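# fold the following, please.
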Amino acid sequence: MGITSILNIAKLALTAQQTSLQVLSNNIANVNTPGYARQEAVLTEADSARTGSGFILGNGVRIEKIMSHYDKYLEYSMAKQNNALEEQKTYANFFGRIENVLDETNSKLASNVTAFFNSWQSLSADPLSSVARADVAMKATNLCQGIRNTYTELKNLQVEADNNVAKEVSEINNLLSSIAELNKKTYEAAAGGSESESFASQRLIALQELSGKLNLQYFEDQNGGLTVMTADGKSLVEKGNVYELSAEKSGTGNFYSVHWNGSPIHSVDITNTIGGGTLKAYIDLRDNQLTDFLDSMDDLAQSLMTEVNTIHSTGYNAGGTTGVNFFQNMTQDYAANIDLGDEIKTDTGYIAVTSSASNPSNNDIALAIADLGSADVTIGGKSTTYATYTASIASTIGGLSKNAQDLTGYHENLMTMVSNQRESISGVSIDEEMSNLIKFQYAYQAAARLITTADTLMTALMEI
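Sure, this is the predicted structure:
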């Protein structure tokens with residue numbers, strides 16, 4: 001023990017303060033990084049040394065560990081809230097787009113139906129008018145085109161949702177690989193005697209992003225590695241191993257199903273067990289919500305075809321023939337293909353207005369079809385009117401969109417509350433960091449002065 005010990009103590013102090021300053025610098029640099037957990041260099045007294053005289057003297061300072069400030073329970077709460085928030089944001093986005101498609105300003109669904117039946121009313125007032133017949137054909141063409149266009153736009157949204165399922169699966173696999181790689185680095189650091197806390201923030205950020213995509217559960221093992229599983233317990237990340245998901249085309253709709261690949265020869269379809277996040281929202285939108293609206297359009301087109309054709313085929317047209325369908329007769333894909341019959345597209349004279357072959361000026365068929373506009377008809381197996389049915393489609397999507405927006409706002413508020421709690425523990429305070437910066441700066445300067453002092457003592461000793 002002696003001057004050399006003083007130099008060693010000063011060197012340890014310089015290293016400790018320099019490390020602390022580096023950690024502080026990293027905190028300040030990441031003050032605006034989402035999900036970053038504040039780090040701290042924990043200082044502890046170095047092991048004491050016994051002198052030749054039997055005294056036990058202090059031997060300086062050392063860095064015990066680099067600690068990340070985060071609460072595991074708060075992080076888990078954030079993951080749960082993020083899962084619900086991202087799911088509702090996805091719903092709100094798609095429901096808003098569906099609402100835009102079905103909005104009367106764009107689809108003109110109700111107005112086209114009303115205009116179609118009103119044209120028959122006008123034709124009944126002048127059964128022999130070729131102009132009135134042309135107007136019926138034009139209004140019917142507008143109606144068919146409107147239904148087809150609306151159906152196509154909804155179908156495109158369904159295809160987009162399906163493609164997003166595959167996209168989400170790919171992004172999930174990338175995040176799983178990132179977490180597994182960080183696990184490996186954590187284990188390697190621990191095996192080498194280094195601190196692994198530097199990887200904690202990166203892993204938390206990846207985990208929070210992953211939680212927004214699907215419902216999951218996770219825990220840390222005794223070595224600091226993160227094990228991630230699906231909500232029903234299927235392993236996704238275990239130590240450095242990744243059990244990826246895959247998106248595979250299947251079913252009558254040729255849509256993507258989600259499979260968990262537990263091993264190269266063992267794949268499980270988990271499409272129906274995904275309980276939250278954007279992945280669940282896209283699957284539900286594709287398989288349920290959009291399918292319901294597509295079915296509604298299909299039921300409307302089928303009812304129009306059936307009800308109008310049933311009456312029209314019994315009537316006589318200007319040429320005195322009967323048995324002509326007004327709409328093309330189909331057995332499936334009604335909304336995608338609804339159109340005027342080939343004869344009527346060729347010649348509006350095929351439009352029937354009377355049930356009497358000998359009395360072409362009779363208007364009972366035209367009146368019967370016009371009355372369908374306000375009569376109870378069967379649509380999708382239920383008795384209703386066309387006005388009520390088209391209004392119900394608009395009100396349904398309006399209600400879904402409003403509910404998704406309300407839930408998004410609700411979960412955003414909860415997320416803000418949990419985030420604020422997290423920030424109080426894990427967030428970086430510039431004021432606190434600057435105060436610590438000054439403290440460690442002075443400590444570094446003091447250690448440097450100690451080296452200068454020891455050097456002076458050593459020089460004096462050497463001169464003697």
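# who are the packing partners of the helix or strand Leu210 falls within?
Here Leu210 sits within helix 200-211, counting by DSSP states H and E. Here helix 200-211 touches helix 72-102, helix 130-191, strand 226-230, going by 3 or more CB pairs under 8 Å, 6 or more residues apart in numbering; DSSP states H and E. (Glycine included, C-beta is placed from N, CA and C.)
# I'd assumed Leu12 was in contact with Arg62.
Yes: counting by CB atoms under 8 Å, Leu12 is a contact partner of Arg62 at 6.1 Å.
# residues shared between the contacts of those two?
Counting by CB atoms under 8 Å, 6 or more residues apart in numbering, the contacts common to Arg62 and Leu12 are Ala46.
# measure how buried Leu7 is and give me the count.
When neighbours are counted by other CB atoms under 10 Å, Leu7 registers 17.
# so after the helix holding Leu210, what's the next helix or strand?
Heading C-terminal from helix 200-211 (DSSP H and E), you reach strand 216-220.
# tilt between that next one and helix 200-211?
Here the directions of strand 216-220 and helix 200-211 differ by 160 degrees (axes from the mean of the first three to the mean of the last three CA atoms, to 10 degrees).
# okay, and for the protein, where does confidence drop off?
Within the chain, the set of residues satisfying pLDDT under 70 comprises 1-2, 50-55, 190-198, 264.
# now for the residue positioned nearest the centre of the chain: which residues touch it?
Nearest to the mean C-alpha position of the chain, by CA atoms, centre = their mean, lies Thr278 at 2.7 Å. Neighbour list for Thr278: Glu86, Glu87, Lys89, Thr90, Asn164, Glu168, Gly212, Lys213, Leu214 [criterion: CB under 8 Å, 6+ apart].
# so what's the gap between whichever strand or helix holds it and the chain middle?
Thr278 is located in helix 277-284, with elements delineated by DSSP H and E. Centroid displacement of helix 277-284 relative to its chain, using CA atoms, centre = their mean, to the nearest Å, is 6 Å.
# picking that back up, what angle do the helix holding Leu210 and strand 226-230 make?
Angle, helix 200-211 to strand 226-230, by the same axes, to 10 degrees: 0 degrees.
# tell me what angle helix 200-211 forms with helix 277-284.
Here the directions of helix 200-211 and helix 277-284 differ by 10 degrees (the same axes, to 10 degrees).
# now do helix 200-211: everything it contacts.
Contacts for helix 200-211 (CB under 8 Å, 6+ apart): 30, 33-37, 39, 68, 70, 75, 78-80, 82-83, 172, 175-176, 178-179, 182-183, 186, 216, 218, 226, 228, 277.
# got the CA positions of it in PDB?
Output in PDB follows, covering the C-alpha atoms of helix 200-211 (Å, rounded to 0.1, in the frame of the first residue of the first chain):
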ATOM      1  CA  ALA A 200     -33.300  -4.600 -22.300                       C
ATOM      2  CA  SER A 201     -34.600  -1.400 -23.900                       C
ATOM      3  CA  GLN A 202     -34.200  -2.700 -27.400                       C
ATOM      4  CA  ARG A 203     -36.100  -5.900 -26.500                       C
ATOM      5  CA  LEU A 204     -38.900  -3.900 -24.700                       C
ATOM      6  CA  ILE A 205     -39.400  -1.800 -27.800                       C
ATOM      7  CA  ALA A 206     -39.600  -4.900 -30.000                       C
ATOM      8  CA  LEU A 207     -42.000  -6.500 -27.500                       C
ATOM      9  CA  GLN A 208     -44.300  -3.500 -27.400                       C
ATOM     10  CA  GLU A 209     -44.500  -3.400 -31.200                       C
ATOM     11  CA  LEU A 210     -45.100  -7.200 -31.300                       C
ATOM     12  CA  SER A 211     -47.900  -6.800 -28.700                       C
END
